[in-house]
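J.: Need the 3D shape of this:
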Amino acid sequence: MAKKFFDIVPPPRKRESPQRIELGYKGEKEKKDIFGSLQSSKFGKSKNFEQRRNTAVSAGVKILFFSLIFLILAGIFGFLIFSKVKVEIWPETAISAFETNINIEIEKSGPDLEARIIPGKVFEDQRTASKEFSASGKTMKEEKAKGVIRVFNEYSVSAQGLLPNTRFVSDKGKLFRSLKREVIPGGHYEKGKLAAGFVDIEVIAAEPGEDYNIGPSTFSIPGFKGTSKYTYFYGKSSSPMTAGFKGEVSQVTDDDIKKAELALSGELKEESKNFLKKIIPVDYILLDETIFQDIKESNSSLKAGSEGELFNLQIKVESKGVGFRKSDIDEFIRQFIASNISEDETFEKESLGVNYSLKLPPLSTGNGADNILESEKIILDVKVKAKIYQNINLGELKKALAGKSLKETRMFLGDLPRLTKVEIKSWPFLRRKIPDDMNKIELKLKLNPDR
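T.: Take a look at the predicted model:
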């Protein structure tokens, strides 16, 4: 029986990898391990540095990229959200002066601005003070010494009369005289012996001067000289004679009193004026010109011509001031200026300057403080200065500018009358259009040419 073909062909043998290939594989692996080990040991540091550098460069690129994206987004966001335009305009300005007068009527119920009347209110104060002042006058003074002499009668039991100006001479020769008629009582007997009668008599020196200020002395009566009475009528003083003087002394003059009154009343008036300004309500104005003051009392301890180095002066001062509300005068001035400028003009409040002066006091005679209530009004001259410029409605101007290009804005503002300067500032600087949102438009009026 013939064999089949597959019986002749030997069965396939399992193919084994050649040893060379296996060795080659293993050798390569070993080579890789060897070189890997060598690289790790010999070139480890260099490889790690390279890897770190590459990592850092990659990270830096990423940061730069994302930062650029952030800045672009922030710029777009800022452009959309925070962008704004600032427009500054300088109108023509002029300083104008106005003058008028206004009546302040006391206790009027309310203002009548058309009639130029505003109500006033009276504020009052009284105060008293006293002060000592020096006398400046000089005068010659002559004073005669005075004293008391006890005059004895050892002559008889009968009384002896003495006429006024009876002379008495001291044992040192100083002459004194009696002031009035006197009677010396007679003596009386005691145990057969005459006891002298006596009387105390006031006497004054014949001449002024300190020389007559003598101590206790014995006196004779020259009128009895040459008679038997001369020995039995005599006088004795137990106290010194005093008050004798001759020389220059201080004297209060009329000018001294006037100067003292002026000085003291000036102090009181200033105190009273300051007090009135403190007590008025905060919304009131009290001008110096509308404060009236009088001296109600003035008393000096010494009259003019009196001797003395010092004198005391007492003064009473009364003050009355007329105040008015600031809101009333402000409204009057606002209306007054508005009536004297054109309808398209207005004024800068900060530039307003107002001066007041008293045109007509209550009365030209008498006490000013008392006459305030009598006349019931005063008149003030009012002088006003203000910076005038064209009245620009900033709200309407914003609406007109919204959405315009910067070029259109400049042309539009340039066509407005009575403007001297215009500045447009935008943020960011690339913006070339006024925002449609009016909240992003800042419009500022500049009234000072230098700012």
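
J.: Contact partners for residue 156?
T.: By Cβ atoms under 8 Å, 6 or more residues apart in numbering, the contact list for residue 156 reads 186-187, 194. In short, each C-beta sits where N, CA and C put it, glycine included.

J.: and which of these is nearest to residue 304?
T.: residue 186 (51.7 Å; Cβ to Cβ).

J.: before we move on, back to that, please produce a ChimeraX select command covering the buried subset of the contacts of residue 156.
T.: Here is the ChimeraX selection string for the buried members of the contacts of residue 156, based on 16 or more other Cβ atoms under 10 Å:
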select :186,187,194
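
J.: now, which of the contacts of residue 156 sits nearest residue 399?
T.: Looking across the contacts of residue 156 and measuring by Cβ to Cβ, the closest to residue 399 is residue 186, at 130.3 Å.

J.: Give me the nearest residue to that closest one, chain neighbours excluded.
T.: Of all residues not flanking residue 186 in the chain, residue 157 sits nearest, at 4.1 Å (Cβ to Cβ, 6 or more residues apart in numbering).

J.: okay, now that neighbour: neighbour count?
T.: 13 (other Cβ atoms under 10 Å).

J.: what do you get for the one 4 residues further on?
T.: Taking other Cβ under 10 Å as the neighbour definition, residue 161 ends up with a count of 9.

J.: circling back to that earlier point, confirm that the residue nearest to residue 186 sits in a strand.
T.: No - under the criterion used here (DSSP: H, G, I helix; E, B strand; the rest coil), residue 157 is coil, not part of a strand.

J.: Tell me which helix or strand in this structure has the weakest average pLDDT.
T.: helix 5-8 (a mean of 38; mean pLDDT, DSSP states H and E).

J.: Send me the helix or strand hosting residue 389 as CSV with only the CA atoms.
T.: Here residue 389 sits within strand 377-390, counting by DSSP states H and E. Extracted in CSV, the C-alpha atoms of strand 377-390 (Å, rounded to 0.1, in the frame of the first residue of the first chain):
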residue,chain,number,x,y,z
LYS,A,377,-35.9,149.4,61.9
ILE,A,378,-32.4,150.0,60.6
ILE,A,379,-31.2,150.3,57.0
LEU,A,380,-28.1,148.5,55.7
ASP,A,381,-26.0,149.2,52.6
VAL,A,382,-25.2,145.9,50.9
LYS,A,383,-22.3,145.6,48.5
VAL,A,384,-22.0,142.3,46.6
LYS,A,385,-19.3,140.8,44.3
ALA,A,386,-19.7,137.5,42.5
LYS,A,387,-18.2,135.5,39.6
ILE,A,388,-20.7,135.4,36.8
TYR,A,389,-20.7,132.7,34.0
GLN,A,390,-23.0,131.0,31.5
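
J.: Could you check that strand and say which residues are buried?
T.: In strand 377-390, counting by 16+ other Cβ under 10 Å, buried: 378, 380, 382, 384, 386-389.

J.: Between those, which sits nearest residue 91?
T.: residue 389 (4.5 Å).

J.: check contacts around the closest one.
T.: Neighbour list for residue 389: 91-94, 345-348, 418, 447 [criterion: Cβ under 8 Å, 6+ apart].

J.: Next one, pLDDT for residue 416 please.
T.: In this model, residue 416 is scored at 84, pLDDT.

J.: Give the burial count for residue 197, as a bare number.
T.: 21.

J.: hang on, isn't residue 404 packed against residue 436?
T.: No - contact between residue 404 and residue 436 fails when scored by Cβ atoms under 8 Å: they sit 9.7 Å apart.

J.: Those two: which has the busier surroundings?
T.: For residue 404 versus residue 436, the count of surrounding residues by other Cβ under 10 Å is larger for residue 404: 17 against 10.

J.: Name the nearest residue to the more buried one, ignoring sequence neighbours.
T.: Residue 404 sits nearest to residue 434 (Cβ to Cβ, 6+ apart), 4.9 Å away.

J.: ok, now which ones touch residue 116?
T.: Counting by Cβ under 8 Å, 6+ apart, residue 116 touches 100-103, 332.

J.: what's the answer for residue 248, then?
T.: Contacts of residue 248 (Cβ under 8 Å, 6+ apart): 138-141.

J.: Run through the bridge partners of it.
T.: Going by DSSP bridges, residue 248 is paired in beta bridges with residue 140.

J.: do residue 98 as well
T.: Listed by DSSP bridges, the beta-bridge partners for residue 98 are residue 384.

J.: did I read that right, residue 399 in a strand?
T.: No - according to three-state DSSP, residue 399 belongs to no strand; its state is helix.

J.: Surely it touches residue 438?
T.: Yes - with contacts counted by Cβ under 8 Å, residue 399 reaches residue 438, the gap being 6.9 Å.

J.: Could you tell me how far residue 325 is located from residue 280?
T.: Using Cβ to Cβ, to the nearest Å, residue 325 is found at 10 Å from residue 280.

J.: which one of these two has more residues nearby?
T.: residue 325 (17 against 14).

J.: Hmm, residue 286 and the more buried one touching each other?
T.: No - the pair formed by residue 325 and residue 286 falls short of the contact definition of Cβ under 8 Å, at 11.1 Å.

J.: picking up where we left off before, could you redo the contacts of residue 389 as JSON lines and give each row distance to residue 254?
T.: Formatted as JSON lines, the contacts of residue 389 follow (distance: Cβ to Cβ, whole Å):
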{"residue": "91", "distance to residue 254": "66"}
{"residue": "92", "distance to residue 254": "65"}
{"residue": "93", "distance to residue 254": "60"}
{"residue": "94", "distance to residue 254": "59"}
{"residue": "345", "distance to residue 254": "62"}
{"residue": "346", "distance to residue 254": "61"}
{"residue": "347", "distance to residue 254": "56"}
{"residue": "348", "distance to residue 254": "57"}
{"residue": "418", "distance to residue 254": "68"}
{"residue": "447", "distance to residue 254": "61"}
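
J.: and these, which of them are in strands?
T.: Among the contacts of residue 389, DSSP state E puts 91, 93-94, 345-348 in strands.

J.: Where does the prediction get shaky in the chain?
T.: 1-49, 52, 56-57, 59-60, 65-66, 70-83, 360-376, 428-431, 449-451 (pLDDT under 70).

J.: Would you map out the domains in it?
T.: 46-81, 82-94+391-445, 102-135+254-388, 139-248 (automatic domain parsing).

J.: Please give the centre-to-centre distance between the second one and its chain.
T.: If I follow you right, that is domain 82-94+391-445. In terms of Cα atoms, centre = their mean, to the nearest Å, the centre of domain 82-94+391-445 is set 43 Å apart from its chain centre.
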